[in-house]
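Asks: pasting a predicted model and its sequence here:
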Amino acid sequence: MSVGGWCIPAIPQAAPPARSGLHGVAFLVAARPRAGRCRATTGRVRLGGRVVARAGAAETPVAGAGEDAGAVFSEKFPVRRSRTVEGKAWVRVDAEPDGAGKCKVVVGCDVRGKWVLHWGVSYDGEQGSWPGREWDQPPLEMRPPGSVPIKDYAIETPLEILSSSEGRTLYEVQIKFDKDTPVAAINFVLKEEETCAWFQHKGGDFRIPLSGSLGGGLPFGEKQDINIWPGALGHVLKEHKGSIPQPEETVPGNTGLSGKHISGFYEEYPILKSDYVQNFVTVTVRKDNETHKSLVEFDTDIPGEVIIHWGVRKDNNLTWEIPPEPHPPTTKIFRQKALQTMLQQKADGKGNSISFLLDAQYSGLFFVLKLDEYTWLRNLENGSDFCIPLTRVDQRESTQAEAQKVDDKSSQTDGLISDIRNLVVGLSSRRGQRAKNKVLQEDILQEIERLAAEAYSIFRSPTTGGAEEAADPSSPKPACSGTGSGFEILCQGFNWESHKSGKWYVELGTKARELSSLGFTIIWSPPPTDSVSPEGYMPRDLYNLNSRYGTMDELREVVNKFHEAGIKVLGDAVLNHRCAQFQNNNGVWNIFGGRMNWDDRAVVADDPHFQGRGNKSSGDNFHAAPNIDHSQEFVRNDLIEWLCWMRKEVGYDGWRLDFVRGFWGGYVKDYLEATEPYFAVGEYWDSLSYTYGEMDYNQDAHRQRIVDWINATNGTAGAFDVTTKGILHAALERSEYWRLSDEKGKPPGVLGWWPSRAVTFIENHDTGSTQGHWRFPYGMELQGYAYILTHPGTPAVFYDHIFSHLQPEIAKFISIRRRQKIHCRSKIKILKAERSLYAAEIDEKLIMKIGSEHFEPSGPLNWTVAAEGQDYKIWEVSP
């Protein structure tokens, strides 16, 4: 769908730890104990000469003051969590000229950070309607000191740090202009550079009119359906409840420069910003000489409710186990895989702690900290679960233990390799008998893919900066992993204008054989439902599949045609939001009709535009339509039923999931496990990291947000590799091909961390087509396709490109990929990443290069040119 501007979350949510299957934790919303019940006061009694805290059936010794129990292990671990800081932003227009004859616009806020105003201007008489006009750079005399031009359309000006009488830090920027300026309006968004967050108006720009002639624009203070304008700042500004700002004076009918009147006003808006806070958790293990058990003590300075999600292990086994009862107070069993124990508030109120006994048979304890349904804190050092030894070991024993772990992994890998070989042998033995049984072959290939994924994950070492594979090897892998066979090549089967014919399904069906002959294995079809917008991304009645693209019967027919051509079909499922059919008593559109006749309980509570009575959103709000509350069980059940119905009635093989930033990936996991798609991919699109208009070299934070979402789905879906697209833009446009290798010599996008879940692309209906929100550099498309169609990941080709003059070369790239059996987990070795040259070797079968600089492969292998064009070249190994 269309994404306006740069609306991104301020801080990515931490994904739940993969170990022990923590991704499907939606039920904890209802099952979570209340603070009053969990933090029960415990009585102190004497037991065997020691003080214990008694709660329920568990008796938990408390270390007495001055006792020396002999610490087996003690370490203070740093942890990092996000917190929300509240403040306000303001906009002020001083209409009266100062002593120098200048009027003034002031934008400011009082939330600590590194704030930048990203802004431009519009002039009188420009065509277009709000908010879609183009920006221009302001005249030099309007630019405050420190302003930096951004290409030819905008300026970035840092907000100055001020101080107030209350001791708060204030940030402001002043833009001065002449009263008779030809500038009609100032357009802006606020940017917080420390978190790379953009604060906007409904996904668009703020607009401050300086002229009586607005040409379709909305004047500041004019009342709209959201009560105020400009409304909420992106996803973090709340609706302002104050009065509508009134202009000082108006001049009716005055639309020209002559006698232009500028109205003064001042308006404030609550603003929320998330940032990181450093805390600690100390774990101490002592030997209890009286009980011959291990006394484990947890202490943290994190305020509020803190839960330890934990389990134990025996010997060098890496599998979590649940110790037998009695368990510590306020403990719950989580899915028979782990325990969840709420820590108790310390007497001084500064943090939480708990201590409990464990039998001596256990050699270690695993844990992660859980702060709420979506916030899990793991070991910052390696991004994994905390692992605490319960027995004293010397350095030699520790080294032996590490060696044993490697041996265990090697043994496990050998077993998986054996399974894969047996499957391959089984597939080969059937070639002479039933080799044409495609279903059988696909089943075996899927099983090989699953086993390969598990083997590949064994030696992973995930970090907070990103893991090569973020899924957990101990978690069971679904039969349909979201990557199909691993050899998929996807085609987007529409553009932004496809709906206009009214018969798109019929037109698309005529191209099924051609797309199959080109080598495509999957096609992404447009949104199928009744929709307020003709493109389909504002769905209304989900069971009505008669859309501007065609009828339900025509949809079934086009799916059948692609199946006959050997191509799987993805349905475009818009699950984040839904347009209502009816108004509530306040005139707000939040009552739904059709088979899913939900009321306002299905709408999230924190989107002020639609007055929902559900819970708070688990993601970013899409302000153009009611955002659906996926935490409601009836909503999830209805959506699962609808998706399963489409799988059966239409024949979809999988899903492209729209705007997945809007709701937690754990809900996606539930939907995909219920519908068992062959392939699934989510659209997680937000802004990359920039500093004063220049793209940062390190985009780890950006790709980590995408990986976190994939991880929240338990790896059941892939995601479009927006990071790779953005870096390709900068590399090709600016001849900065060094950007295509990260600090570790790997591809810098999701492709470099989790290739089997990265769906690479250079263009789609939003970025290109007639929308052109983020168009790939013109004339360099073949360099982009030479990159994604030779690299690991699952490549996607845009409809407008495959049915254009680019088709012959794209078809050649696809043929090379299929001939060399390049797949989503192919091994890549980057050979060159310089200013005007990028070269890489893939699976030791193929070498490619892009960029203007000359390059030829070297070494003992015989390389033959397979494709060559303007600034790209591909070689294959000769037999």
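Replies: Done, it's in. Numbers count the residues shown, from 1 in each chain.
Asks: who touches Leu789 in this structure?
Replies: By Cβ atoms under 8 Å, 6 or more residues apart in numbering, the contact set of Leu789 is Ile489, Pro795, Val797, Ile810, Phe813, Ile814, Ile816, Arg817. All C-beta spots, glycine's among them, are computed from the backbone N, C-alpha and C.
Asks: which of those residues fall in helices?
Replies: Those of those mapping onto helices are Ile810, Phe813, Ile814, Ile816, Arg817, per DSSP state H.
Asks: let's have the residues you listed in a markdown table, adding distance to Ala100 and neighbour count.
Replies: Below are those laid out as a markdown table (distance: Cβ to Cβ, whole Å; neighbours: other Cβ atoms under 10 Å):
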| residue | distance to Ala100 | neighbour count |
| --- | --- | --- |
| Ile810 | 59 | 23 |
| Phe813 | 61 | 25 |
| Ile814 | 64 | 20 |
| Ile816 | 66 | 22 |
| Arg817 | 65 | 23 |
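Asks: looking at the contacts of Leu789, which two lie furthest apart in space?
Replies: Val797 and Ile816 (14.1 Å; Cβ to Cβ).
Asks: so what's Val506 up against?
Replies: Shown in contact with Val506 (Cβ under 8 Å, 6+ apart): Gly550, Glu554, Glu557, Val558.
Asks: give me the residue ranges of the stretch 451-600 of the chain where confidence is low.
Replies: In the predicted model of the stretch 451-600 of the chain, residues 451-482 satisfy pLDDT under 70.
Asks: can we see that at 80?
Replies: 451-483 (pLDDT under 80).
Asks: show me where it has strands.
Replies: For the stretch 451-600 of the chain, the strands defined by DSSP state E, counting those that start in this stretch cover 490-492, 522-524, 568-573, 582-583, 589-591.
Asks: the bottom helix or strand of the protein by mean pLDDT?
Replies: Least confident helix or strand of the chain, by mean pLDDT, DSSP states H and E, is helix 28-31 with a mean of 25.
Asks: can you give me the helices in the stretch 701-850 of the chain?
Replies: Taking DSSP state H, counting those that start in this stretch to define them, one finds helices in the stretch 701-850 of the chain at 722-733, 750-753, 781-788, 799-802, 807-819.
Asks: and Glu856, which of these is closest to it?
Replies: The minimum distance between Glu856 and the helices of the stretch 701-850 of the chain falls on helix 781-788, with 16.2 Å, by Cβ to Cβ.
Asks: what is the closest one packed up against?
Replies: helix 722-733, strand 794-797, helix 807-819, strand 846-850, strand 863-869, strand 872-877 (3 or more Cβ pairs under 8 Å, 6 or more residues apart in numbering; DSSP states H and E).
Asks: the fifth one pairs with which strands?
Replies: Within its sheet, strand 863-869 is paired with strand 872-877 (antiparallel), according to DSSP bridges.
Asks: for the second one, same thing?
Replies: For strand 794-797, the paired strands and their directions (DSSP bridges) are strand 490-492 (parallel), strand 758-760 (parallel).
Asks: any chance you could list what contacts it?
Replies: 483-484, 488-492, 520, 524, 681, 718, 720, 758-761, 764, 785, 788-789, 810, 814, 817, 824.
Asks: and the residue nearest the centre of this structure?
Replies: Of all residues in the chain, the one closest to the mean position by Cα atoms, centre = their mean is Ile706, 3.6 Å from it.
Asks: around Asp818, how many other residues sit close by?
Replies: In this structure residue 818 is Arg, not Asp. As a burial measure, Arg818 scores 14 neighbours (other Cβ atoms under 10 Å).
Asks: and what of Glu193?
Replies: 16.
Asks: can I get the strands of the stretch 451-600 of the chain in JSON lines with distance to Tyr671?
Replies: Listed next are those as JSON lines, based on distance: least, Cβ to Cβ, whole Å:
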{"stretch": "strand 490-492", "distance to Tyr671": "20"}
{"stretch": "strand 522-524", "distance to Tyr671": "17"}
{"stretch": "strand 568-573", "distance to Tyr671": "8"}
{"stretch": "strand 582-583", "distance to Tyr671": "26"}
{"stretch": "strand 589-591", "distance to Tyr671": "23"}
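Asks: closest to Arg168 out of these?
Replies: Nearest to Arg168 among the strands of the stretch 451-600 of the chain is strand 589-591 (37.4 Å), distances taken as Cβ to Cβ.
Asks: correct me, but Ile850 touches Tyr787?
Replies: Yes. At 6.1 Å, Ile850 counts as touching Tyr787 under the criterion of Cβ atoms under 8 Å.
Asks: more crowded one of the two?
Replies: Taking neighbours as other Cβ under 10 Å, Ile850 and Tyr787 compare with Ile850 leading, 29 against 25.
Asks: which residues touch the more buried one?
Replies: Ile850 sits in contact with Leu732, Tyr737, Gln783, Ala786, Tyr787, Leu837, Tyr838, Asp871, Tyr872, where contact means Cβ under 8 Å, 6+ apart.
Asks: kindly recompute the last result at 6 Å.
Replies: Gln783, Ala786, Tyr838, Tyr872 (Cβ atoms under 6 Å, 6 or more residues apart in numbering).
Asks: compare those residues and tell me which is most surrounded.
Replies: The most crowded member of the contacts of Ile850 is Tyr838, carrying 29 neighbours; neighbours defined as other Cβ under 10 Å.
Asks: hey, what's that one bridged with?
Replies: Beta bridges link Tyr838 to Ala833, Ile850 when assigned by DSSP bridges.
Asks: so for stretch 185-194, mean pLDDT?
Replies: Average pLDDT, stretch 185-194: 84.
Asks: same question, stretch 762-780
Replies: On average, the pLDDT along stretch 762-780 is 91.
Asks: list the buried residues of it.
Replies: 762-769, 771, 773-774, 776-777, 780 (16 or more other Cβ atoms under 10 Å).
Asks: pull up the distance across it, start to finish.
Replies: When the termini of stretch 762-780 are compared using Cα to Cα, to the nearest Å, they are 10 Å apart.
Asks: check stretch 581-599 too.
Replies: Separation of the first and last residues of stretch 581-599 by Cα to Cα is 11 Å.
Asks: how about residues contacting it?
Replies: Asp541, Leu542, Tyr543, Ala580, Asp600, Val603, Phe610, Gln611, Pro626, Asp638.
Asks: ok, now stretch 864-872?
Replies: Here stretch 864-872 has contacts from Leu782, Gln783, Ala786, Lys812, Ile816, Ile850, Gly851, Ser852, Ile874, Trp875, Glu876, Ser878, using Cβ under 6 Å, 6+ apart.
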